[in-house]
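Asks: After the sequence you'll find the predicted model.
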Amino acid sequence: MKSHTEYLTLNLPARMAFLNITDKCEEAVRKSGVREGLMLCNAMHITASLFINDNETGLHEDYKKWLEGLAPFDASPQRYQHNRTGEDNADAHMKRQIMGREVVVAITRGKLDFGPWEQIFYGEFDGRRSKRVLIKVIGE
Amino acid sequence: MKSHTEYLTLNLPARMAFLNITDKCEEAVRKSGVREGLMLCNAMHITASLFINDNETGLHEDYKKWLEGLAPFDASPQRYQHNRTGEDNADAHMKRQIMGREVVVAITRGKLDFGPWEQIFYGEFDGRRSKRVLIKVIGE
Amino acid sequence: MKSHTEYLTLNLPARMAFLNITDKCEEAVRKSGVREGLMLCNAMHITASLFINDNETGLHEDYKKWLEGLAPFDASPQRYQHNRTGEDNADAHMKRQIMGREVVVAITRGKLDFGPWEQIFYGEFDGRRSKRVLIKVIGE
C-alpha cells in the first residue's frame, strides 16, 4: 500500500468565500503514484468546509445567501452562547456542518474518478486567519 | 491491496426521488473479494446525493417536504443567480449539500458492516437526466 | 494492509446530546498499529451522527437550538408521516442528515492527523436506546 500526505495553507480574507482546489488535489494524486485507491481531502479547521459541487459563480453567491439564511452571522452573545466566549463565529460552525468537513474521492487508473461537473472547493465561513487543508492519498 | 470499481446508471424521472441501492453495493462488495476494507459510494452528479437512512416511505415523504422548505424549487432567475445561466435547478445543488454526496462504509468479514436499519439511498433532486453512481471498494 | 474494527456502545438518555469520543478513536488507532492510513468512524443508527467540531459547551447548546429550529421535534402524525408508523422521531432522522453519519480521518505517523481544534463527537437525536458506533482503521 502506498500513501501520500500533503497540507495546503489557504488564506481567504472574506468572511465567506469558496476556492477551487481541484488542481491541487489532482497534483497530490499524481505525486502519490497511486493508481487505484482513495483520496481524503478535509479542512483542518472547524469553521471551514471541503465540498464537491459546480464551478459556477452564480451558484456560489446563491450558497452564501442560503447559508446566511440558515445560520445568520451574529457577533452578539444573545443569539449564540458560543459568542459569550469572546468568539463571534458561532454561525461559521453551523455553516460548516451544512457544507461538510471532508470529501472522499475514488482514484481509478491514476486519476480522481469524477463525473463531468465535479470540482473540489474549500469553503471559508470565518475568514481572517490562515487555515490548513489536508490531502491524504492511499492505495496502490 | 484489492480494489474494485463499478458504475451504476440511474434514471429517476421525478424531480425529487429516492432509490434504495443497498443490494447493488452488497453485490459490488461480493464481487470485489474484499474481506476487510472500505466501500465508497458517491453520486457522480452535483444535484444528487448518496445517503444512509431508513427504508420507510413516510420518512422519505417527510424528507422531500423538509428539503423543499429549506431550499425551495424556483426556476425564476430572481431568487437564485444560478438560474440566470439557463438552468432551473439551483435548489437541487442545495438539497444535495444537506443530504450529502457520498457514503463510506466499513467492510468486515466480507460484508458491509451495518447497524440494524442502515440502508443506502440514491437521492435525485433534479430529475430528467440519466445519472451515474460510483462504487469503489478497497481492502484485502 | 492492516485493519482493525471496534464497536462502542453508547447510551445517552437525553433526546439531544453530544459526547466527545476522540480518545476512544485515538485508542483504536493505537491498537491497530496503523502508521499511515484512514480511520472511518460512523453511527450504526440512523437517528445519530458522528461529526468533528469544537469541544465547547456553549456551541453545543447553539447546535441543539439551531437543529431544533431546522427540524422541530413533533411526535404528532400531522407534521411528519414517519410518525404515523408508531415512531415519534422523524425530526431525529433530519437532524442526523444535517450533522452527518460518519467522519473519515487521516492517520499520519501513527496518529489522527488533526488540526488544532478538531474533536470527534457522537450526536444523539433520539435518546432512550443504547446505540453503537463503529470504528474501522485501515492502512499500514
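Replies: Done, it's in. In this text, all values refer to a predicted model and were calculated from it rather than measured experimentally.
Asks: Distance of the residue in chain A that chain C sits nearest to relative to residue A:60?
Replies: Here the residue of chain A nearest chain C is residue A:44; by CB to the nearest CB that distance is 3.0 Å. Quick note: C-beta positions are derived from backbone N, CA and C, even for glycine. Computed with CB to CB, to the nearest Å, the distance linking residue A:44 and residue A:60 is 22 Å.
Asks: can you check residue A:95 too?
Replies: As for residue A:95, its distance to residue A:60 is 13 Å (criterion: CB to CB).
Asks: what does residue A:23 give?
Replies: Separation of residue A:23 from residue A:60 (CB to CB) stands at 18 Å.
Asks: quick one, which of these two is more surrounded?
Replies: Relative neighbour count places residue A:60 above the other of residue A:23 and residue A:60, with 19 against 10, counting by other CB atoms under 10 Å in any protein chain shown.
Asks: Confirm that that one sits in a strand.
Replies: No - the assignment for residue A:60 is helix, going by DSSP: H, G, I helix; E, B strand; the rest coil, so no strand is present there.
Asks: Just give the closest residue to it, not the sequence neighbours.
Replies: In space, not counting the residues next to it along the chain, residue A:60 is nearest to residue A:18; the distance is 5.0 Å by CB to CB, 6 or more residues apart in numbering or on different chains.
Asks: Next: residue A:81.
Replies: Taking CB to CB, 6+ apart, and ignoring the residues beside it in sequence, residue A:81 has residue C:58 as its nearest neighbour in space, at 3.5 Å.
Asks: again, but for residue A:31
Replies: Nearest in space to residue A:31, with sequence neighbours left out and distances taken as CB to CB, 6+ apart, is residue A:4 at 6.0 Å.
Asks: secondary structure class for the one you found?
Replies: Per three-state DSSP, the local secondary structure of residue A:4 is strand.
Asks: Give the bridge partners for it, please.
Replies: Partner residues in beta bridges with residue A:4: residue A:137, with DSSP bridges as the criterion.
Asks: Would you mind measuring from it to residue A:138?
Replies: 8 Å.
Asks: quick one: which of these two has more around it?
Replies: When residue A:4 and residue A:138 are compared for neighbours, residue A:138 comes out ahead with 28 against 19, by other CB under 10 Å.
Asks: Now do the same contact list for the more buried one.
Replies: Each residue near residue A:138 by CB atoms under 8 Å, 6 or more residues apart in numbering or on different chains is listed here: A:1-3, A:34, A:37-38, B:138, C:36-38, C:138-139.
Asks: Same check on residue A:114?
Replies: Remark: with contacts taken as CB under 8 Å, 6+ apart, residue A:114 is in contact with A:105, B:44.
Asks: separation between it and residue A:100?
Replies: Noted for residue A:114: a distance of 17 Å to residue A:100, by CB to CB.
Asks: Quick one: list the elements packing against whichever strand or helix holds residue A:105.
Replies: Secondary structure here is read from DSSP states H and E; on that basis residue A:105 sits in strand A:102-108. Packed against strand A:102-108, as judged by 3 or more CB pairs under 8 Å, 6 or more residues apart in numbering or on different chains; DSSP states H and E, are the following elements: strand A:37-43, strand A:48-53, strand B:37-43, strand B:102-108, strand B:131-139, strand C:102-108.
Asks: Going along the chain from that strand, find the next helix or strand for me.
Replies: Beyond strand A:102-108 in the direction of the C-terminus, DSSP H and E gives the next helix or strand as strand A:111-112.
Asks: got the residues of chain A near chain C?
Replies: If contacts are counted using CB under 8 Å from any CB of the partner chain, the residues of chain A sitting beside chain C are A:1, A:3, A:5, A:38, A:40, A:42-46, A:70-71, A:80-85, A:90, A:93-94, A:96-98, A:100-102, A:104, A:132, A:134, A:136, A:138.
Asks: if you set the cut-off to 6 Å instead, what comes out?
Replies: If contacts are counted using CB under 6 Å from any CB of the partner chain, the residues of chain A sitting beside chain C are A:1, A:3, A:5, A:40, A:44-46, A:80-82, A:84-85, A:90, A:93-94, A:97, A:101-102, A:104, A:134, A:136.
Asks: Next, count neighbours for the residue nearest to residue A:115 when sequence neighbours are not counted.
Replies: Nearest non-adjacent residue to residue A:115, counting by CB to CB, 6+ apart: residue B:44, 2.9 Å away. Using other CB under 10 Å as the criterion, residue B:44 is surrounded by 21 other residues.
Asks: contacting residues around residue B:44?
Replies: Taking CB atoms under 6 Å, 6 or more residues apart in numbering or on different chains as the contact definition, residue B:44 lies against A:115, B:132, B:134.
Asks: Quickly find the element holding the first one.
Replies: When elements are assigned from DSSP H and E, residue A:115 belongs to no helix and no strand.
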